[in-house]
Every structure is written in structure tokens, then in C-alpha cells.
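1. Next input, structure requested:
(chains A, B, C and D)
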There are 2 protein chains.
Amino acid sequence: MEKTSDDERDPDLVAVTEGTEAATELTRPSGLDRDRILQAAIGFIDEHGLAALTMRRLGAALGVEAMALYRYVPGREDLLDGVVDTVVESLFDDDDVHLEHAIGWQDHLMRLAHGVRRIALAHPAVFPLVASRPPAAPWVRPPLRSLRMVESFLRTLCDSGFSDQAAVAAYRAYSSFLLGHLLLEVTQIGAQVSLLDQPEGDAEAQRATDLTDYPALMRTEPLLSQDKSAAEFEDALENLLDRLERVLHEAKNSDDGSVLDL
Amino acid sequence: MEKTSDDERDPDLVAVTEGTEAATELTRPSGLDRDRILQAAIGFIDEHGLAALTMRRLGAALGVEAMALYRYVPGREDLLDGVVDTVVESLFDDDDVHLEHAIGWQDHLMRLAHGVRRIALAHPAVFPLVASRPPAAPWVRPPLRSLRMVESFLRTLCDSGFSDQAAVAAYRAYSSFLLGHLLLEVTQIGAQVSLLDQPEGDAEAQRATDLTDYPALMRTEPLLSQDKSAAEFEDALENLLDRLERVLHEAKNSDDGSVLDL
DNA sequence: ACCTGAACACCGTTCAAGT
DNA sequence: ACCTGAACACCGTTCAAGT
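-> The predicted structure is shown next:
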């Protein structure tokens, strides 16, 4: 038992931090700028988790004292905002997305969904930040956090015959779907490693928190432990697109009580 | 400009903290226990936000030094886990939920959904914690965080004719739906107040982050600012229940490519 | 039995001083 | 121009000491 007051897993952490510093050594000659700091922060979070990210440790990872960062970043909160922006904007560099080549609004929404999912899976430790940082405007709904993304979403739907109301309703349904699915998917990824992190002897002991009082859980535990995220994502996405299509084609009879087309 | 290094809004915070201490004065005579601490933590988060919750400040709110808390709570992380558990379990005290009185699985799922939504709206600042804390087992999907809740969910569906696989798939779809909708709903609540928090003169200036480059956004901004959360929640819930019902009744023809009933 | 003071190892952030 | 040392106000946490 060490008497450090850090979060759970110190010794390991210190070791890896030093490793990171050594790795950055080559590009080091004072080349410090905002973008390099943001990239380093993303890498650090991916490797050690959000809780481990500290101005001092990030500085160390860049071969510099923490105070040097303040020349390029106003503070820790802004740094996190920058991390989120960088990760989200990276969607536009994804060649497999290229929204402007989309054929029809369904294709557009599918490309966008898959692009955001790739981002989430590439940075599972960053994604919760994408989900929880207060957005730029109250009507910006994570994970579609950039005005550019929302604009292109709404424009596509409106150009395809959706009314403004229907497009906005679709935007809300779509963002809820993405956030729910992807946040749970990355949470599950994180849960795996945190199980292995636990120092309590063999992994057998942890496996199943004694389910004797929960017969249905015990019976379905093997099923619950199977990962079907990809297929479920496709399924839910398809279902949402069907729902939106129904709205679009039923646009003539106005008052049928659904929010989606009011 | 003060030179405190706290988060955004100190002077105000200190004031309210002192107020809280005074208010607790009556029940004070040393009555400190785990439950009272958890309740105080929930109240503190509701009032000042998660970022403001500190062992020292929570102690102060209870009229005690921070170190006294460690007799009842192993540490800050456990305290947050306790907060989440307490809030989630409070569902079973909600008389409007009473799952055992539910008539049919649809009614069960609707009662559960509305109960969780009431919790989220009652503690909007706590809910992100419900969403993001690593769950007890990898297959526990927020916001349905207690084994009891998952057990009763699965049992209800299985008793209603769902296969184990279909019940598990339904559990996944249902949790994704709840998490996405409710997290976005409480985020929006938080976004309102953080706008008012900003000290930049009149609220007119903030309103709309200059949308000149985003015509679709500018045109639909009034629509985007309307809050239709409740109706959208009902709509999406109804849609999900329909989808599950389809799965249940199409259970005979097995391989139709959907995950929901494989 | 229950709380506190003092201490320790960390934080974020500022700023004068170094190069 | 760019980075650092030293300092400040905070953290979480431990533990011997008080009552």
C-alpha cells in the first residue's frame, strides 16, 4: 500500500507517462503549439483515461512544465473543449464519410452515423466528454456538436422534402439515437478494462456478482455478455430511417398527433 | 478579478454554501451517518453542480470537517457511487411506478420509462453521473443500473412470451433509448442556466452565436429552441414498444436478419 | 465513539524571473 | 519569445490527538 493520493492506479501510470515523454523526444525541439497540445491530450486520454489528465502530467508528456501550456491554452476547461472540438471535427477528414457524395438523405444520415461511430470507437475514453460538455448553443445536441454538422443535417432533410419542423424533429431523434447507442457502446469498452484493472487475484472471482437472487439474470448472463453492438446499431439506425421515411411520405395528412411532423 | 483558482463562480458559491450550513443547523446534534451524507451530496449537486462537490465543502454543508466524512464513506469515488445508487434506487419508492401493478409488458416498460425520466428531471445535475459511472457488471447498461431493475425487466418480457434472446435485445434497445433521450434532456436544462451564468452583459448578445454562415440553422432557430422533450419522449417510447411488439409476434419465422429476435 | 488539526502529496493557475 | 521556479489557494486522504 503506497500512500499516494492519486486515482486508483498510480505506479503503472507514472511508468507509462515517462514512456510517453521519451516517445515525443524526437519532435521535441520546443515545437509547442495549440494543436500539438490538443493532440497530446487526446492521446493521453485514450491511453490513461480522462481522470488521469492533468495539466502537469500533460506537460510532462510533452517534455515541458505545466506552466508552459498556458501560453497556448487558456486553462484546463478550454483544453477539454478543444479536445472535444478536435475529435468531433475530425469527422470531416474521414474519407469514408464525405457527406457531399451522399446519394439521398438516407445515405447522408447513414454516412454521418457511421462516421460518428468510428470516432467514438477510435476514442472511447474521449467520447463521454463529447457527450457531456455543455454545447455551444442550447439546441446543439451531442454528439452532433458542430454548427456545420447540424446545418448540413437540416439542409439535407429540407432539400429532400422535409418541412422545417420535420427536419428539426428528425435531428432530435437522430441525435438521441446516436448518443444513447454510442455512449453505451464505449462505456462497455471501458468496463472491460476496469475489470482487468482490479487487483483481486484471478478474474474468475469477479466474473458474475453472485446472481443467485436474480434467476432471469443468471439464465441470460451468457447472452448479456455477448457483444452485438454493431448489429444493434445498424438495426436501430435502419428503424429510425424507416420512421423518418414514414413521416416524410405521410406529410400530406397533417394532424395525426406525432411530434415528428408537427 | 479575484485570484481564487476555483471553478467559474466562487463568491456566489461560498455564500450559498454558508446558507446551506445554517439551514442544516437544526438537525445537527452530531447526527452523521452514511445516508445523511448521501442525501446531502445529492442536494449539493442539485444546487451547485457536480464540479462544485468537494469533500471539504460537503463537510461544511453538514456542519463538520471533511475528515469526519471518512468514518462513513471510504472516499470520494465511493461517495459518488453511493449518490448514483441512492438516486437510482429511489425509483422503487415512486408510487406512480409500482412495477408489480403493471398490466402487461408494455405497461411495465412505460411505467419504468416514466419513472426513470422523473428521476432524471428531479436531479438533472446528478443524471450525467448515472450515465457515466462504470456499472457493476459490463452488461449493466445505464440508466438501468441496479440488478433488481434488469432482473424485473427481463423477467417481465420472458413471462410475456419473449425468448431470452429477444428479451436481452429489448433490454439493450430500451436502455439506449432511455439514456439518449434523458441525457440530452437534462443537458438542455443545464445549458439554459450556464447561459445565464455568463457575465457578459445582456442576454441579447449571447442569443445566437452569429448564424450568418448557416442559413438552415438561422431559419429553423426558433423551432430548434422550442422544447418538445416530453412529447418526443412519448413518441420514441411508443415507437420502441411497437418495434418490440412486432418482434414478439413475428417470433415464428426465425431468420429474418434482425438482431432483435435472434 | 466520534470529530479535529496538522500534515502530505497532489491539483490549477499566476507571475516575476530567467534564457 | 518562450519556458521555468516559486508561490498561492485549493484538493483528497491519513492519522495521531483531542473530547
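
2. for A:Leu178, helix, strand, or coil?
-> helix (DSSP: H, G, I helix; E, B strand; the rest coil).

3. can you count the residues close to it?
-> Using other CB atoms under 10 Å in any protein chain shown, A:Leu178 has 27 other residues around it. To be clear about C-beta, it is placed using only N, CA and C from the backbone, and glycine gets the same treatment.

4. Run a quick check on it versus A:Ala113, I expect a contact.
-> Yes. Under the criterion of CB atoms under 8 Å, A:Leu178 makes contact with A:Ala113 at 6.2 Å.

5. Just want the most central residue of chain A.
-> Chain A has A:Phe127 as the residue nearest its centroid, 2.4 Å off, counting by CA atoms, centre = their mean.

6. Could you check how far A:Leu248 is from A:Gln106?
-> Relative to A:Gln106, A:Leu248 is positioned 10 Å away (CB to CB, to the nearest Å).

7. Extract the residue ranges of the stretch 151-262 of chain A that are flagged as low pLDDT.
-> A:196-208, A:252-262 (pLDDT under 70).

8. hey, where'd the helices end up in it?
-> Along the stretch 151-262 of chain A, counting by DSSP state H, counting those that start in this stretch, helices occupy A:164-197, A:203-206, A:215-225, A:229-249.

9. what's the closest of those helices to B:Glu238?
-> helix A:229-249 (10.8 Å; CB to CB).

10. That closest one - contacts with which helices or strands?
-> Applying 3 or more CB pairs under 8 Å, 6 or more residues apart in numbering or on different chains; DSSP states H and E, one finds that helix A:229-249 contacts helix A:104-122, helix A:164-197, helix B:164-197, helix B:229-249.

11. DNA strand C: which of those is closest?
-> In terms of CB to the nearest atom of the strand, the element of the helices and strands packed on helix A:229-249 nearest to DNA strand C is helix B:164-197, at 16.0 Å.

12. and the angle from that closest one to helix A:229-249?
-> Counting by axes from the mean of the first three to the mean of the last three CA atoms, to 10 degrees, helix B:164-197 lies at 70 degrees to helix A:229-249.

13. quick one: contacts for A:Glu65?
-> A:Gly59 (CB atoms under 8 Å, 6 or more residues apart in numbering or on different chains).

14. now it: how far from A:Met55?
-> 10 Å.

15. Just want to check the distance between the one residue in chain A that gets nearest to DNA strand D and A:Gly161.
-> Closest approach between chain A and DNA strand D, counting by CB to the nearest atom of the strand: A:Glu65, at 3.2 Å. From A:Glu65 across to A:Gly161, the span is 58 Å (CB to CB).

16. who touches the closest residue to A:Leu240 other than its chain neighbours in this structure?
-> Excluding the flanking residues, the one nearest A:Leu240 by CB to CB, 6 or more residues apart in numbering or on different chains is A:Phe177, at 5.4 Å. A:Phe177 is in contact with A:Ala236, A:Leu237, A:Leu240, B:Ser176, B:Gly180, counting by CB under 8 Å, 6+ apart.

17. which of those lies closest to A:Gln226?
-> B:Ser176 (15.9 Å).

18. Wait, that closest one touches A:Gly180, no?
-> Yes. The criterion here is CB under 8 Å, and B:Ser176 meets it with A:Gly180 at 3.9 Å.
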